[in-house]
Structure formats: structure tokens, C-alpha cells
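Student: I would like the atomic coordinates for the input below:
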Amino acid sequence: MSELLRGYLEKMDDFYSVDEFTEKIAQILENDPHLTGVWVLGEVSSLRVRKNHLFFNLLGESSRLPCVFFGMGWLKLAEGELIGVYGEVKVYRQGGYYSFHVENIERTGAYGIKSLRFFQIYSKLMKEGAFSRPRRTLPEFPYRIGLIVSKDSAALMDILKVFKEKGYYFEIKIFHTSVQGKDAANELVEALKSAAATDLDAIIVARGGGSKDDLWTFNDEKVVRAALSVPKYLITGIGHEVDTVMLDMVADERAHTPTAAAEVITSRQREFMDNLRESTRRIFSDILDLMEYYGNSLETRLRYTEASLEDIFKRYKTSLKLLGNSLKGYVNLTEEKLVGSFRRIRDLSPEEVVKRGFAIVIKNGRIVRSIKEISSGDILKIVLKDGDIEVKVK
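Tutor: Now for the predicted structure:
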């Protein structure tokens, strides 16, 4: 045995076997949280199907990621198609290489030159942290809702229909914009700016289905940047379920359709109302329990108070009787004084004065108190005890 081989054998404990080293790599890669449950965007290449499993490479600008989607051989992807894949990294121990095990695919609908442009924009925004920023949460009771949508679109009708059918009420502000065509991107940016400056709880950007080219407006870099500057909760409902645009990637929540976006709002309101009803029920139950508790306590106190008052009354019965007699005498005396006062007041009344032989002179409905109030030619009324006469002053 050569000295060199003997030296290696003596240091065997310092070496990994190939299996051990491969397993260590696998453990590191497969347990890394940054490599599990992640989205990766790239262009489809080397697409092939084997035993109903879909194999392909996902291309970047200067690298490629081998991918496999088990049991999805029926899925019709296309070479050059830009897609997002969700899954995790796995190591193929026998082959000594890693691959990305796909669990879900989002199709952007971009191909060729647009695919390259999409990837360029995506790469730039990713480096700026646009896709990793913290997402806002929807308020507990979203009420003021902004709709960035074409006012003549089916998408708007779908959203309003959901709001009506669910039976909830909203304050809705519509920001009209074109959703395709050469001016659509600029109009969409202005709509986003206007919505951002309005007091809203949430904003929905919506558009119905269309071709991949029709949806390209929502991949425009200035549109995406305008959405990033919106301080409100932003929901997208663009196209169909299989469609994905870059605006979806920066939104706080992505709904697959305009209808689904509306249901995000109504479901949150419904959840709030359910919680409110349950809280009200609990509060009402607690009040009933308290009323029952304090009702029993009050009844006990009233019985005690009643017994105490009876004892007090017995002890002070004589004093109370004397007090009652005193009060009775005081009332009688007061009554006599009042009768005398009323009698004197009555004697001073005009009717009693006239009965005693006096007369009352009236001019124009008013009692005459002085000769100065009478002039020659005045018509006067003189009231006596048994009638009145009318006279003319000479």
C-alpha cells in the first residue's frame, strides 16, 4: 500500500462520501425558507412531456432554471412564453442536480419581444424591491371604494352587480379610464393618481377578459410605478383567472376577475357584520345576566329595607301621630287665613263694587279712570248693578 493511500485512509473521518455530501446539499437547499414557497418569473424553453409530467427550463437573461410540473403533461405551454411559477427547490440525488418543483403556474400572456420587455421591467422593479414591499391590509369595514375602470365596461357592471346582490352598501367613486389602446396607459396613470388623492378605504383596478395584447397596458412600467405610489389598499381584477399582469404583482391583493375583486370587499364587510352581530349577542347576553344578578340583589335589599322601615315606623309611631296632629292644626289655620283673604279680594272685585251702588264708566272697551280721558261727543257705557246704559257726553 502506497504512503499516499495510507495517508488518505488515515484521514477518512475528515472526508464526506458523495452520498453524504449530496444529502447535505439537499438538506441545505430544501430547508431554506427562501427557496420554498417562492415565485419565479422566466421564459419557457426546452419544453417536453414525459409520463404525463411537464419538464421545461425557465430562462433568465443569463441563466436557466430546470423545472418539473408533475402530473401536468396536459398543460399547453409554449416556447418563449413568459410565466410565473410557484414551488420549491428539490435536489435529484441520483443525478446530482437540482430542479424547481412547480406547484402552480401564472401565465402572463407575453411572448417574444414583449416577453423580453416584460422581463426587463420586472428585473428593474425587482432590484428596487417593488415586489417585496410589505402589503397593506384591507380595513375591517371597507366603505369608500374607488373603481378604476372603463365606465362603459362589463367589468363595471359585474362589480356593481356583486355589490347589489350581496346586500351591502358602499360609497363608490368611479375613475374612468381606457383599458387598451395607445392612450390607455396615460389615462390609467391619471386615474391612479386621482384615486390616490381621494379619501378611500380601497381601490379596485378592473378590466374584463381580452387578448394578451389587450391586457398589455397593465404591464406598462409607468402604470406599475403609479400603482406603487398609491397609499390605499389596492385590489386588481384583470382579465380571466389564467391571466397575470405586472400590476397584479404590486397590488396588495390579486383577484382573478372583476367579480372576484368585488367579492373581496363584500366578504370583508360580511365578516365585519357577522362579528358585530356576534359581539352584540354576547353583550346582550351579558346584560341579561347582570340584570338577573342585580335584580336578585335588589329584591333582597328591598325586603331588608321594608323590614327596617317598619321597625322605624313602630318606634316613631307616637311622634309621627303628634306631628300629624300639628300638621292638621296648621293646615286648618292656614285654610281660615286663605278664606279670609279670598273674601277680601272678592269684595274688591268690580261686580261687588257695582252691587254696593257704584258705577263703572267704559270708553272704547276700557275703564275710564279720569275726567281727562273724556271729551265732548264721546260715547260712553255706564255699568250699573242691574244693567248698563249708553250715553253721549255734552
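
Student: Under the pLDDT cut-off, which ranges of the stretch 1-150 of the chain? List them.
Tutor: Confidence mapping of the stretch 1-150 of the chain against pLDDT under 70 gives the ranges 1-14, 61-62, 112-114.

Student: Would you state the helices of it in chain order?
Tutor: 3-10, 18-30, 112-127 (DSSP state H, counting those that start in this stretch).

Student: The stretch 201-350 of the chain too?
Tutor: Along the stretch 201-350 of the chain, counting by DSSP H, counting those that start in this stretch, helices occupy 221-228, 246-250, 258-315, 317-347, 350-355.

Student: which ones are touching the residue positioned nearest the centre of the chain?
Tutor: Central residue of the chain (C-alpha atoms, centre = their mean): residue 141, 1.7 Å from the mean position. Residue 141 makes contact with 201, 268, 269, 272, according to C-beta atoms under 8 Å, 6 or more residues apart in numbering. From N, CA and C alone the C-beta is placed, and that goes for glycine too.

Student: isn't the third one right next to residue 142, touching?
Tutor: So the one you mean is residue 269. Yes. Between residue 269 and residue 142 there is a contact at 6.6 Å, judged by C-beta atoms under 8 Å.

Student: Skipping adjacent residues, who's closest to residue 46 in space?
Tutor: residue 57 (4.6 Å; C-beta to C-beta, 6 or more residues apart in numbering).

Student: what sits against that neighbour?
Tutor: Neighbouring residues of residue 57 by C-beta under 8 Å, 6+ apart: 44, 45, 46, 64, 65, 66, 67.

Student: Out of those, list just those in strands.
Tutor: 44, 45, 46, 64, 65, 66, 67 (DSSP state E).

Student: Who does the fourth one form a beta bridge with?
Tutor: Meaning residue 64. Beta bridges link residue 64 to residue 59, judged by DSSP bridges.

Student: could you measure it against residue 97, distance?
Tutor: Note on residue 64: its distance to residue 97, by C-beta to C-beta, to the nearest Å, is 12 Å.

Student: Ok, the fifth one next?
Tutor: For residue 65, the distance to residue 97 under the criterion C-beta to C-beta works out to 11 Å.

Student: The last one too?
Tutor: Computed with C-beta to C-beta, the distance linking residue 67 and residue 97 is 12 Å.

Student: How about the third one?
Tutor: As judged by C-beta to C-beta, residue 46 and residue 97 stand 14 Å apart.

Student: who has more neighbours, those two?
Tutor: residue 46 (13 against 9; other C-beta atoms under 10 Å).

Student: for the stretch 151-300 of the chain, what are the low-confidence residue spans?
Tutor: Ranges of the stretch 151-300 of the chain meeting pLDDT under 70: 167-169, 211-213, 241-243, 279, 284-300.

Student: Now restrict the contacts of residue 141 to buried residues only.
Tutor: The neighbour count (16 or more other C-beta atoms under 10 Å) marks 201, 268, 269 as buried among the contacts of residue 141.

Student: How about the first one, nearest residue that isn't a chain neighbour?
Tutor: Counting by C-beta to C-beta, 6+ apart, residue 201 lies nearest to residue 142, which is 4.2 Å off, once chain neighbours are set aside.

Student: burial of the one you found, as a residue count?
Tutor: Neighbour count for residue 142, taken as other C-beta under 10 Å: 20.

Student: One more: residue 160?
Tutor: 15.

Student: Check the offset of the host helix or strand of it from the chain's centre.
Tutor: Assigned by DSSP states H and E, residue 160 belongs to helix 154-166. From the chain centre to the centre of helix 154-166 is a distance of 18 Å (C-alpha atoms, centre = their mean, to the nearest Å).

Student: How about residues contacting it?
Tutor: Contacts of helix 154-166 (C-beta under 8 Å, 6+ apart): 147, 149-150, 170, 172, 174, 204, 206-208, 237, 257-259, 261-263, 265-266, 269-270.

Student: Now stretch 120-127 - C-alpha only, PDB.
Tutor: The C-alpha trace of stretch 120-127 is given here as PDB (Å, rounded to 0.1, in the frame of the first residue of the first chain):
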ATOM      1  CA  GLN A 120     -36.600  43.800 -18.300                       C
ATOM      2  CA  ILE A 121     -39.300  45.800 -16.500                       C
ATOM      3  CA  TYR A 122     -39.700  43.000 -14.000                       C
ATOM      4  CA  SER A 123     -36.000  42.800 -13.300                       C
ATOM      5  CA  LYS A 124     -35.700  46.500 -12.800                       C
ATOM      6  CA  LEU A 125     -38.600  46.700 -10.400                       C
ATOM      7  CA  MET A 126     -37.400  43.600  -8.600                       C
ATOM      8  CA  LYS A 127     -34.000  45.200  -7.900                       C
END
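
Student: Appreciated, that's everything.
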